[in-house]
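K.L.:
curious how this folds, go ahead:
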Amino acid sequence: MKPGNKNSFKSLKSININNQEYKYFSLAEAEKNGLKGISNLPKSLKILLENLLRYEDDLSVTKDQIEAVQKWLKEKKSNTEIAYRPARVLLQDYTGIPAVADLAAMREAVKEKKKIPILSIHFLPLI
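P.N.:
Now for the predicted structure:
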């Protein structure tokens, strides 16, 4: 498992299916290990929280950002910015093709300025 791997809330678990081991970040384990009450979060915030747990690295995703999602339960608001790194983005042809063209143009513009092109992609893999 590549992403973050900090695992501050000891939520990384594995499951064996057909003799194949899969790893995942369990919100139930995170709740047992310090993120009290997160089972009461709306589904949308649970998705964001799982993403933060998966990518926690103390650089782009910190323990404070993860705890900010939990604190939302009390305050129903937050001023903390969080990182969100989707694994995939599905677009229809008529929106996807221009988006890929825009990413390619950004990459070329960065190259022309003698910078490292990967920096223009914000560390998201393009498939």
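K.L.:
tell me the residue in the protein that is farthest from the middle.
P.N.:
What lies farthest from the middle of the chain is residue 112; by C-alpha atoms, centre = their mean that is 30.1 Å.
K.L.:
from residue 98, how far out is that one?
P.N.:
According to C-beta to C-beta, to the nearest Å, residue 112 and residue 98 sit 21 Å apart. All C-beta atoms are positioned from the backbone trio N, CA, C, and that covers glycine.
K.L.:
burial of residue 39, as a residue count?
P.N.:
Neighbour count of residue 39, defined by other C-beta atoms under 10 Å: 11.
K.L.:
give me the three-state assignment for the residue nearest to residue 15 when sequence neighbours are not counted.
P.N.:
Excluding the flanking residues, the one nearest residue 15 by C-beta to C-beta, 6 or more residues apart in numbering is residue 22, at 5.4 Å. Three-state call for residue 22 (DSSP: H, G, I helix; E, B strand; the rest coil): strand.
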